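K.L.:
Give me coordinates for this.
(chains A and B)
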Amino acid sequence: MALSDPDYYDYLPAIDRPKITWPNGARLALWVVPNIEFYELLPPVGPVRKPWPRVQPDILAYSHADYGNRVGVWRLMDALDRCGVRASVSLSVALCEHHPEIIEACVARKWELFSHGVYNTRYVYGMDEAQERAMIRDCLDTVSRHTGQRVAGWLGPWLSNTERSLDLLAEAGVQYTCDLFHDDQPLPVKVRSGRLISIPYSIEVNDGPAYNRFFATPRQFGDMLRAQFDQLYLEGADSGQVMCIPVHTNLSATPNRLGALAGALEYITGHDKVWVTTGAEIAAWYYANHYDEVAAFLLKQAAGRAQIARP
Amino acid sequence: MTLPGEFLEYPHRKRGMDQTWYDWSSMFRRPPVRWPEGARVALWVVVPLQWFPLDMAASVPFMPAGGVDEPYPDFRNYTHRDYGNRVGIFRVIKVLERLGIRATAAVNAAVCERYPRLIEEVRAHGWEFIAHGLHMGRVHHAGLDKNDEAAMVSQTVATIRRATGQVVRGWLSPGCSESLHTLDLVAAQGIEYVCDWVNDEMPYAMRTAAGTTYSMPYGYDMSDTTLIGQFHYTADEFAEQVQDQFDLLYREAATQGGRVLSLTVHPWLIGQPHRIAALERALVHVTAHAGVWAATGSEILAAFRSQ
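P.N.:
Below is the predicted model of the structure:
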């Protein structure tokens, strides 16, 4: 039977929680997430979602995805280099096999590579537990085999999940998930074994929804990024915040759009008390400095609720 | 629930692409391209001349951009698209003529048959014609029988060659949609370049069963149907995108070699009275720069292939 609440986290109002601090008193942790993806021409068509909007082969959408790897990613690397941003890559891990040239360029920049599934045309919908566990293992092993990096983070392929995805990720040693959009700070996730935290990604200040669903102009997208930053920076004076900028190499790196992203990044990184960092570094800091305190706070809160609930 | 085994099998998971039509390469790791007279940016304006049949909903597996998609008989969309062939195109021709730009007309075979006066006028302005399928209700897709599709392609190309008197070297599929056979079929008809692939900003070679053809960098992303029709940008915002696109390409070309500004405008959309000035403004911005080479698809491809 379907769940009405995934029960991966407890309610924890923003006004009532332990204070988060970042290195050197930063108000805000900024991490930039390029989605570097591979879409297959003729993927198997699953029971829940068609991989392509039109009839397969959908060479228009397929080639548009490929633009990111032939053109966009290189322009994006240049723009991030200029702002001194080391990115955290949401990676279709099969790209390690298809385009090692891109992987080498990421590794040379000391970018973090985390898993975004095997392909963005393969969803976890409908997988049984053994299949999903094998797919997760495949992703972690592929990145480690090609780069030596241990994958710390996960964004579901096309943000697909099963009810047990987060449990299986924690079991496999993944440290953070990007699939929860419930908060602006990292938080512990209730998993059946091990530990997992959520780190704020964004489905709002994300060039995918901004351009393709809200039809923002590049200038409007740049303004969204600045406004998001201004507000979180203000609030970060009280408790450390996270701002993520998820981008897609076939969207934000087109000639007409690159300037909007680059301008916003220049504005944001021009402030002091901004910790320009990666997902793995945010996770490491959080586990070392905040996880235990917040987990204890949540336990105490849960115990309090249980007491109130007793007749 | 369990997925069939094929969902965890990846037969094409290896170096390069998962098909053999073209090789992967980074645009920034290729030898720089030189345009004639040292131009930095080749300006390639594509103007589709299209006929959207009133009953197209029954014959297409999905609607190409601009499809007549309200309940039958949808006069509003049919006539709005047809406006482009009657009125809008002549505004576009005037703007381009004033700026010395010869465009590339992607023409449906049905437009050749229905509107010979339009073809005559476009030809008189020295534009290049490329094939754009039979009409917008005949989409190329995987559900077609290969022989039927071959007949569609040969009929399209023959009709347009006859009507225009040109060689017709280029191909743009309706809706930028191809079956697994389309490239082979168009190459077999002597098509030298296709405009359906939006993965690059420069031309590149493609393999077909009938030899090499080229992909030209079609400006789907920058087209008026995408930015105005789908993204709901105003005409001014559209012009702003064209200028921004050009500015970055122009800067990049100073160190990276020649670039292509690929711009597709549909007469039924950009040719409306309230939008046409925005097109002119954008193109004035582009052509005011030194080192801009306004050329047709075949001219750009010829320059590319000569190096």
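
K.L.:
so B:Glu97 sits right up against B:His125, yeah?
P.N.:
Yes. Between B:Glu97 and B:His125 there is a contact at 6.3 Å, judged by CB atoms under 8 Å. (Each C-beta comes from the backbone N, C-alpha and C, glycine too.)

K.L.:
and for these two, which residues touch both?
P.N.:
With contacts defined as CB atoms under 8 Å, 6 or more residues apart in numbering or on different chains, no residue is shared by B:Glu97 and B:His125.

K.L.:
residue ranges of the strands in the stretch 201-307 of chain B, please?
P.N.:
B:204-208, B:211-215, B:259-264, B:292-294 (DSSP state E, counting those that start in this stretch).

K.L.:
For B:Val186, find the nearest of the ones you listed.
P.N.:
Proximity to B:Val186 (CB to CB) singles out strand B:211-215 among these, at 7.2 Å.

K.L.:
Now do the closest residue to A:Gly194 other than its chain neighbours: how many residues are near it, please.
P.N.:
Nearest non-adjacent residue to A:Gly194, counting by CB to CB, 6 or more residues apart in numbering or on different chains: A:Ala170, 4.1 Å away. By the criterion of other CB atoms under 10 Å in any protein chain shown, A:Ala170 has 21 neighbours.

K.L.:
Next to chain A, which bits of the stretch 151-300 of chain B? Give me the list.
P.N.:
B:175-180, B:196-201, B:220-222, B:230-233, B:237, B:240-242, B:244-249, B:252 (CB under 8 Å from any CB of the partner chain).

K.L.:
So which of these sit within helices?
P.N.:
Counted as lying in helices by DSSP state H, out of those, are B:237, B:240-242, B:244-249, B:252.

K.L.:
coming back round to it: list only buried entries from the residues of the stretch 151-300 of chain B next to chain A.
P.N.:
Taking 16 or more other CB atoms under 10 Å in any protein chain shown as the criterion, what is buried in those is B:175-180, B:196-201, B:220-222, B:231, B:233, B:237, B:240-242, B:244-249, B:252.

K.L.:
tally of neighbours for A:Leu30?
P.N.:
Around A:Leu30 there are 24 residues (other CB under 10 Å).

K.L.:
Got phi/psi on it?
P.N.:
With angles defined as degrees, to the nearest 10, A:Leu30 sits at phi -100, psi 130.

K.L.:
Strands of chain A, residue ranges please.
P.N.:
For chain A, the strands defined by DSSP state E occupy A:28-36, A:88-91, A:112-115, A:153-154, A:176-177, A:187-188, A:197-198, A:241-248, A:274-276.

K.L.:
show me where chain B has helices.
P.N.:
B:75-83, B:89-98, B:109-114, B:116-124, B:146-164, B:182-188, B:224, B:235-256, B:267-270, B:276-287, B:297-305.

K.L.:
Nearest to A:Ile282, out of the ones you listed?
P.N.:
That would be helix B:235-256 among the helices of chain B, by CB to CB, at 31.8 Å.

K.L.:
which residues in chain A form helices?
P.N.:
Assigned helices in chain A, in chain order: A:59-67, A:73-82, A:95-98, A:100-108, A:129-147, A:165-171, A:207-212, A:218-235, A:258-269, A:279-289, A:291-309 (criterion: DSSP H).

K.L.:
Export those to JSON lines and append columns for distance to B:Arg40 and mean pLDDT.
P.N.:
Below are the helices of chain A laid out as JSON lines (distance: least, CB to CB, whole Å; pLDDT from 0 to 100):
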{"stretch": "helix A:59-67", "distance to B:Arg40": "21", "mean pLDDT": "98"}
{"stretch": "helix A:73-82", "distance to B:Arg40": "17", "mean pLDDT": "98"}
{"stretch": "helix A:95-98", "distance to B:Arg40": "32", "mean pLDDT": "98"}
{"stretch": "helix A:100-108", "distance to B:Arg40": "26", "mean pLDDT": "98"}
{"stretch": "helix A:129-147", "distance to B:Arg40": "37", "mean pLDDT": "98"}
{"stretch": "helix A:165-171", "distance to B:Arg40": "49", "mean pLDDT": "98"}
{"stretch": "helix A:207-212", "distance to B:Arg40": "27", "mean pLDDT": "98"}
{"stretch": "helix A:218-235", "distance to B:Arg40": "22", "mean pLDDT": "98"}
{"stretch": "helix A:258-269", "distance to B:Arg40": "18", "mean pLDDT": "98"}
{"stretch": "helix A:279-289", "distance to B:Arg40": "39", "mean pLDDT": "98"}
{"stretch": "helix A:291-309", "distance to B:Arg40": "54", "mean pLDDT": "90"}
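
K.L.:
Take those and lay them out in JSON lines including distance to B:Gln256.
P.N.:
Shown next, in JSON lines, are the helices of chain A (distance: least, CB to CB, whole Å):
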{"stretch": "helix A:59-67", "distance to B:Gln256": "17"}
{"stretch": "helix A:73-82", "distance to B:Gln256": "10"}
{"stretch": "helix A:95-98", "distance to B:Gln256": "24"}
{"stretch": "helix A:100-108", "distance to B:Gln256": "17"}
{"stretch": "helix A:129-147", "distance to B:Gln256": "28"}
{"stretch": "helix A:165-171", "distance to B:Gln256": "41"}
{"stretch": "helix A:207-212", "distance to B:Gln256": "24"}
{"stretch": "helix A:218-235", "distance to B:Gln256": "21"}
{"stretch": "helix A:258-269", "distance to B:Gln256": "14"}
{"stretch": "helix A:279-289", "distance to B:Gln256": "32"}
{"stretch": "helix A:291-309", "distance to B:Gln256": "47"}
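
K.L.:
Now the longest strand seen in chain B: average pLDDT?
P.N.:
Ranked by residue count and defined by DSSP E, the top strand of chain B is strand B:41-49. For strand B:41-49, mean pLDDT is 98.

K.L.:
just to revisit the earlier point, can you tell me which of the strands of the stretch 201-307 of chain B is packed in deepest?
P.N.:
strand B:259-264 (a mean of 26; mean count of other CB atoms under 10 Å in any protein chain shown).

K.L.:
neighbouring strands for that one, and are they parallel or not?
P.N.:
Taking DSSP bridges as the criterion, strand B:259-264 forms sheet pairs with strand B:41-49 (parallel).

K.L.:
Now the partner strand - C-alpha only, PDB.
P.N.:
Taking Å, rounded to 0.1, in the frame of the first residue of the first chain, the C-alpha atoms of strand B:41-49 are listed here in PDB:
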ATOM      1  CA  VAL B  41      30.500  34.800 -36.800                       C
ATOM      2  CA  ALA B  42      28.600  33.300 -39.600                       C
ATOM      3  CA  LEU B  43      25.000  34.500 -39.300                       C
ATOM      4  CA  TRP B  44      22.600  31.700 -40.500                       C
ATOM      5  CA  VAL B  45      19.000  32.700 -40.600                       C
ATOM      6  CA  VAL B  46      16.500  29.900 -41.200                       C
ATOM      7  CA  VAL B  47      13.000  30.700 -42.100                       C
ATOM      8  CA  PRO B  48      10.600  27.700 -42.200                       C
ATOM      9  CA  LEU B  49       7.700  28.000 -44.700                       C
END
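
K.L.:
Brilliant, that's me finished.
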